[in-house]
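Asks: no sequence on hand, only this structure:
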């Protein structure tokens with residue numbers, strides 16, 4: 001069992017179970033909240049860029065070849081990435097745009113325009129605005145970073161299709177909720193909307209955006 005789960009896990013389960021009977025059932029079936037914040041910063045965002053609009057196997061292969069450009073380290077520094085030519089990055093399978101995006105990310109970090117050490121002083125919205133200045137990083141990617149790397153407890157990825165589909169199914173909506181409707185629906189989950197989203201993903205056995213594999217959800221016993 002994981003030992004580095006987010007510190008709000010128990011409070012989130014209690015709050016969500018009391019606030020929402022539908023989520024209470026899902027939580028009982030899924031079990032403990034399994035979000036485990038990761039320490040990666042540059043690596044996480046570079047990986048997110050590489051994985052955009054690609055199937056898992058293809059993305060993993062390209063990511064592996066990218067890391068393989070730097071055989072003496074687990075993951076390169078921004079400076080080392082910037083030292084590579086566009087041709088070298090393209091040779092591992094990166095598209096022209098993704099090579100540009102990764103270099104733009106590296107340059108933002110090198111030049112201090114993107115300073116992860118300041119994030120603990122910033123609000124979620126400020127961090128999203130900060131991250132989306134980088135080419136290739138959109139709101140969804142920034143929200144995933146908040147949830148799975150910074151351990152922020154109250155992020156609602158309202159544009160995520162997995163969350164939308166789960167809400168539609170479990171709350172018996174005729175149509176998948178749009179962002180506005182989902183945000184209104186999620187007000188009852190504050191201040192633990194991150195945990196609510198995680199449980200909704202798990203309820204449909206969806207591979208999580210952080211790349212974690214799916215645990216098997218316990219089946220309810222027949223009565």
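Replies: Perfect, thanks for sending it. Here the structure is a predicted model, which means the values were calculated and not measured.
Asks: and the helix or strand bottoming out on mean pLDDT in the chain, what other elements does it pack with?
Replies: Across the helices and strands of the chain, mean confidence by mean pLDDT, DSSP states H and E is lowest for helix 56-68: a mean of 93. With contacts defined as 3 or more C-beta pairs under 8 Å, 6 or more residues apart in numbering; DSSP states H and E, the secondary structure elements packing on helix 56-68 are helix 42-51. Using the backbone N, CA and C atoms, a C-beta is placed for each residue, glycine as well.
Asks: give me the angle between the helix it packs on and helix 56-68.
Replies: Note on geometry: by axes from the mean of the first three to the mean of the last three C-alpha atoms, to 10 degrees, helix 42-51 and helix 56-68 are set 130 degrees apart in direction.
Asks: who touches helix 42-51?
Replies: 38, 40, 59, 62-63, 66, 75, 77-78, 81, 94, 98, 101-102, 105-106, 109, 131, 134, 136-137, 141, 144-145, 148-149, 211 (C-beta atoms under 8 Å, 6 or more residues apart in numbering).
Asks: which ChimeraX command selects the buried ones in the residues you listed?
Replies: The following ChimeraX line selects those of these that are buried, judged by 16 or more other C-beta atoms under 10 Å:
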select :38,59,62,63,66,78,81,94,98,101,102,105,106,109,131,134,136,137,141,144,145,148,149
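Asks: ok, the closest residue to residue 67 other than its chain neighbours - contacts?
Replies: Excluding the flanking residues, the one nearest residue 67 by C-beta to C-beta, 6 or more residues apart in numbering is residue 75, at 6.3 Å. Taking C-beta under 8 Å, 6+ apart as the criterion, residue 75 is in contact with 40, 42-43, 67.
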